[in-house]
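# just coords:
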């Protein structure tokens, strides 16, 4: 019964909030590049990437705080390298992301790759279309001095890039070049003798300056505040009692705060996808809470002489099966996303898993319990519709 068990639920919620607060105060958030600022480079390797070897090479290059993590399936051979903002505040420039990514790539090259580059050979796994076109224009015989010849070099470069993209972004061997559609025999022979295949290719490069990161963090706070304010006004308007809105908002903040605390506790990256997950939790939790509140309001009109706590308890029991079935369906999808969504979606999936679980719990056991406590503290007239 609600009147006998509500304090157990409130105690559990207080304990969960305390753990979340402790995690955020002592461990803090592992801010992603969106908020902290810095450079992120995603690389795909031909073979299994030696993470510790890469870490040692980057530390030797003196790039500052670095994190390296394998992403995707083990067979994908991909890593994400993040270098946090290292310039003094206000000194960041728009070209810094390119500078740091260039330093990362240079630090990771082997001695053989550096020697090949010094000998004038081109890396087919790293070269861009423009670089390939320029190199081909300089090395094809006879040297292309006309626009038609330069166009031919561009077509060959386009064919090579297309083939590389269709084959997971990497050439496996130089023998593949001869089989690339659109590459003539003379160009294939030239590339076979004057090119090399690096051990990795760049999948993406991202850069966020510190100013943009701080603005995103502040805007995130504003966004959550405005969302909560809008929800409060909506519930006040719908149920015509301000205490209903206050209890719903407390339950919402309870869900978001605990979900954010668990992100801090586990050290998962706090990025824009996590912010999207927190906002999703707001929407899901308030929807669940309104279902319970609607049933309480309907029963209050039908059973005016019945004790408020008994009406709330009956209403919770009537909506419990619907709430559990809806939540279970959603949790199945979230668990699948958590297991198979890859490293980049893992923080978002984890946040949703925690938030939806606590959102279901709070809609039934926290929001309703707070209504009962409010009725006892302020009187039934402040909660009865």
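Sure, I can see it. What you see is a predicted model; the values in this text were computed from it and never measured. Numbers count the residues shown, from 1 in each chain.

# State the number of residues packed around residue 107.
Using other Cβ atoms under 10 Å, residue 107 has 17 neighbouring residues. For glycine as for every other residue, the C-beta is placed from the backbone atoms N, C-alpha and C.

# Start the count at 25 instead of 1 going forward.
From this message on, residue numbering opens at 25, which makes the last subject residue 131.

# pretty sure it is touching residue 84, no?
Yes. Using Cβ atoms under 8 Å, residue 131 is in contact with residue 84, at 7.2 Å.

# Where do the strands of the stretch 225-374 of the chain begin and end?
293-294 (DSSP state E, counting those that start in this stretch).

# which stretches of it aren't confidently modelled?
The model of the stretch 225-374 of the chain has pLDDT under 70 over residues 232-237.

# The same query, at a cut-off of 50, please.
For the stretch 225-374 of the chain, no stretch is flagged by pLDDT under 50.

# which residues in it form helices?
234-263, 266-290, 296-326, 332-364, 370-385 (DSSP state H, counting those that start in this stretch).

# Among the ones you listed, which comes closest to residue 32?
helix 370-385 (12.1 Å; Cβ to Cβ).

# List the contacts of that closest one.
33, 40, 278-280, 282-284, 286-287, 290, 292-295, 297-298, 300-302, 304-305, 308-309, 312, 347-348, 351, 354-355, 358-359, 361-362, 365 (Cβ atoms under 8 Å, 6 or more residues apart in numbering).

# what angle do that helix and helix 332-364 make?
Relative orientation of helix 370-385 versus helix 332-364 (axes from the mean of the first three to the mean of the last three Cα atoms, to 10 degrees): 160 degrees.

# quick one, helix 370-385 and helix 296-326 angle?
Using the same axes, to 10 degrees, one finds that helix 370-385 and helix 296-326 are set 10 degrees apart in direction.

# Do I have it right that residue 336 meets residue 392?
Yes. The pair residue 336 / residue 392 is scored as a contact, 5.3 Å apart, by Cβ under 8 Å.

# tell me which residues in stretch 198-206 are buried?
For stretch 198-206, the neighbour count (16 or more other Cβ atoms under 10 Å) marks 200, 201, 204 as buried.

# what would these look like in CSV with secondary structure, distance to residue 238 and pLDDT?
Shown next, in CSV, are the buried residues of stretch 198-206 (DSSP: H, G, I helix; E, B strand; the rest coil; distance: Cβ to Cβ, whole Å; pLDDT from 0 to 100):
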residue, secondary structure, distance to residue 238, pLDDT
200, helix, 46, 87
201, helix, 47, 86
204, coil, 47, 88
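
# contacting residues around residue 44?
Residue 44 sits next to 281, 282, 284, 285, 286, 288, 289 when contact means Cβ under 8 Å, 6+ apart.

# Next, count neighbours for the fifth one.
Residue neighbour count, defined by other Cβ under 10 Å, stands at 21 for residue 286.

# Find the nearest non-adjacent residue to it, please.
In this structure, residue 286 finds its nearest non-sequential neighbour in residue 378, 4.7 Å apart by Cβ to Cβ, 6 or more residues apart in numbering.

# again with the last one
Closest residue to residue 289 apart from its sequence neighbours, by Cβ to Cβ, 6+ apart: residue 47 at 3.8 Å.

# Next, that neighbour: secondary structure please.
Secondary structure, DSSP: H, G, I helix; E, B strand; the rest coil: residue 47 is helix.
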